[in-house]
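S.K.: need a structure here:
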Amino acid sequence: MAPASPSTAAPTGPSTPASSPAAPSAPAPSPCATTTSPSPRAPSPLPSPLPLPLPLRPAQPLVGFFGRAHYLDPARREWVYGARRDRYSILLAKFLLLPASLLRRYSITPLMV
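M.R.: Numbering: from 1, shown residues only. Modelled structure (predicted):
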C-alpha cells in the first residue's frame, strides 16, 4: 500500500487550528500591538487641552525645606513615601544656582494668565 500524501493524512494529535492543514498559518499578534492604530494617511488627533486650574495653582517653591513622611499603607501592607502636612519623617533641602536676572524674573514677575 502506498504511503498517504500529507494532504490526505489524518492528523495524529489533537485537532487545533494551528495543527489543522486547512487552517491558514497567521502570525500571532504581539502583546504590544494595537488594533486601533490610525492609518498612515489619517491626521493625528490633536492633544487634549490642559485643564484650566493648572496655570492658576500657586507655583511650587524652587528653594527651601520640604517635609516628607513615610507611612504604612494598610491596603498594600507596605511603606509609602509622600508629602503630608500633618507629619514629617524626613526633611529635604533644595537649592538652586541661577543668574540673578533669571532669579528676579521667576521670583518677582507675577504669573501671566
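S.K.: need the helix or strand of the protein with the lowest average pLDDT.
M.R.: None of the helices or strands of the chain scores lower by mean pLDDT, DSSP states H and E than helix 53-56, at a mean of 54.
S.K.: Tell me which strands whichever helix or strand comes after it pairs with, and in which orientation.
M.R.: With elements assigned by DSSP states H and E, the helix or strand that comes after helix 53-56 is strand 64-73. Sheet pairing of strand 64-73 (DSSP bridges) gives strand 78-82 (antiparallel), strand 90-94 (antiparallel).
S.K.: now those as a markdown table including mean pLDDT?
M.R.: Conversion of those to a markdown table gives the following (pLDDT from 0 to 100):
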| stretch | mean pLDDT |
| --- | --- |
| strand 78-82 | 84 |
| strand 90-94 | 75 |
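S.K.: which stretch among those comes nearest residue 101?
M.R.: Set against residue 101 and scored by C-beta to C-beta, the strands paired with strand 64-73 come closest in strand 90-94, at 20.7 Å. C-beta here means a position set from N, CA and C on the backbone, and glycine is covered the same way.
S.K.: Extract the C-alpha set from the closest one and format it as CSV.
M.R.: Written as CSV, here are the backbone C-alpha positions of strand 90-94 (Å, rounded to 0.1, in the frame of the first residue of the first chain):
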residue,chain,number,x,y,z
ILE,A,90,12.3,63.4,56.7
LEU,A,91,13.3,66.9,55.7
LEU,A,92,14.5,67.6,52.2
ALA,A,93,16.5,70.7,51.3
LYS,A,94,16.6,72.1,47.8
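S.K.: Low-confidence bits of the protein, can you list those?
M.R.: 1-63, 65, 96, 108-113 (pLDDT under 70).
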